[in-house]
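Peer 1: Let's see this in three dimensions:
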Amino acid sequence: MIRTLFSFTALAFALGSAAQAQTPAPAAAGAYPSKPIRLIVPFPPGGGTDILSRLVATKLTESAKWTVVADNRAGAGGTIGIGEAVKAAPTGYDLVMGQKDNLVIGPWLYKNLTWDPTKDLTAVAHVAYTPVVIATSASNTKYKTLADVVTAAKASPGTITYGSPGNGTSIHLAGHLFEQAAGIKLSHIPYKGSNPALMDALAGNVDLLVSSLPSAMGQIKSGKLRPLAVTSAKRSSSLPEVPTVAEAGFKGFDVSTWYGVFAPAGTPAAVVNTVNAEINKLLATADMKAAIHAQGAEPEAMSAAQFGALLKTDYAKWKGIVESSGAKIE
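Peer 2: Numbers count the residues shown, from 1 in each chain. Model prediction:
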């Protein structure tokens, strides 16, 4: 989606085999939680959402003494895992790590979805957000700043290419919104994931890379990739020297992707508030902040009500953005 992550791959795979679906029991049967909690991960092992999910699961197990197991249910841009969460019993024992791509953008791309995230899910806890970065290979001498890109694009519309992780992703749409804001025309090259786009940008096969910051951070830190701007309203704490798109002259530009925990609609408020409180405690700890910041993401705690309001606002907002982009997935 816009508002992989961490180097915990070994942890991700060690915990992955432990995830087993549990037969739900009524939350009222005893103090919550009275048995393991399943956290559905709508993407494959090893990616950003997966690793963030396992970080949350592990830290909750450590701090709250709960048993939280991550369960990968990948497919269809994350919408399969969301659909499984929608169908689960609303007891608090089946949660899902959602993000802007599968909850706010996916429903406007996939025409056969039978669920509405604003009606069939309950927002529980916002975890983190990450800006998108616009970058180019360090060997590319033509584009030292975002202004260089804009000037060149206006001189030769449609000749500058940018790679993204795929058609209709939040990353692609961030590029689309930048084109609109700058009044320029770029040529979008969709890839099947972040890494192929990154590799082609480094090789000079595309002029620009539009990527989540965590996916590009390693190559930025190594000096192989030159970041031109980040798309969030504020500079990234991980790359404080890199200006925002707004600072580059496009006032009000703000695109980032968020991640957060959701439960099936109808989950008791007491359960939602309990999980929200524990996750917010985690986000206030120094080690959790450091783990999230290390790869370019920003921890941000919210109440369940605030997170629910963000979901509804973005869901309505991104319908028009998806339509204007022309992106479709049949």
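Peer 1: quick one: the helices in the stretch 201-330 of the chain?
Peer 2: Ranges of helices within the stretch 201-330 of the chain are 213-221, 269-283, 286-293, 304-325, based on DSSP state H, counting those that start in this stretch.
Peer 1: mind listing what's buried in the longest one?
Peer 2: Looking back up the chat, that one is helix 304-325. 304, 307, 308, 310, 311, 314, 315, 318, 321, 322, 325 (16 or more other Cβ atoms under 10 Å). Heads up, the C-betas are built off the backbone N, CA and C, glycines and all.
Peer 1: That helix packs against which elements?
Peer 2: helix 106-109, helix 117-120, strand 121-137, helix 170-182, helix 269-283 (3 or more Cβ pairs under 8 Å, 6 or more residues apart in numbering; DSSP states H and E).
Peer 1: The third one versus helix 170-182: what angle between them?
Peer 2: Angle, strand 121-137 to helix 170-182, by axes from the mean of the first three to the mean of the last three Cα atoms, to 10 degrees: 70 degrees.
Peer 1: Work out the sheet partners of strand 121-137 and label each with its direction, please.
Peer 2: strand 208-212 (antiparallel), strand 225-230 (antiparallel), strand 256-264 (antiparallel), strand 298-299 (antiparallel) (DSSP bridges).
Peer 1: For residue 40, give me its contacts.
Peer 2: 71, 73, 81, 84, 85, 94, 95, 96, 97 (Cβ atoms under 8 Å, 6 or more residues apart in numbering).
Peer 1: and it, which of the three is it?
Peer 2: Three-state call for residue 40 (DSSP: H, G, I helix; E, B strand; the rest coil): strand.
Peer 1: So for it, what's the nearest residue that isn't a sequence neighbour?
Peer 2: residue 96 (4.1 Å; Cβ to Cβ, 6 or more residues apart in numbering).
Peer 1: which SSE is the one you found in?
Peer 2: Assessed by DSSP states H and E, residue 96 sits inside strand 94-99.
Peer 1: quick one: strands adjacent to that strand?
Peer 2: strand 37-41 (parallel), strand 256-264 (antiparallel).
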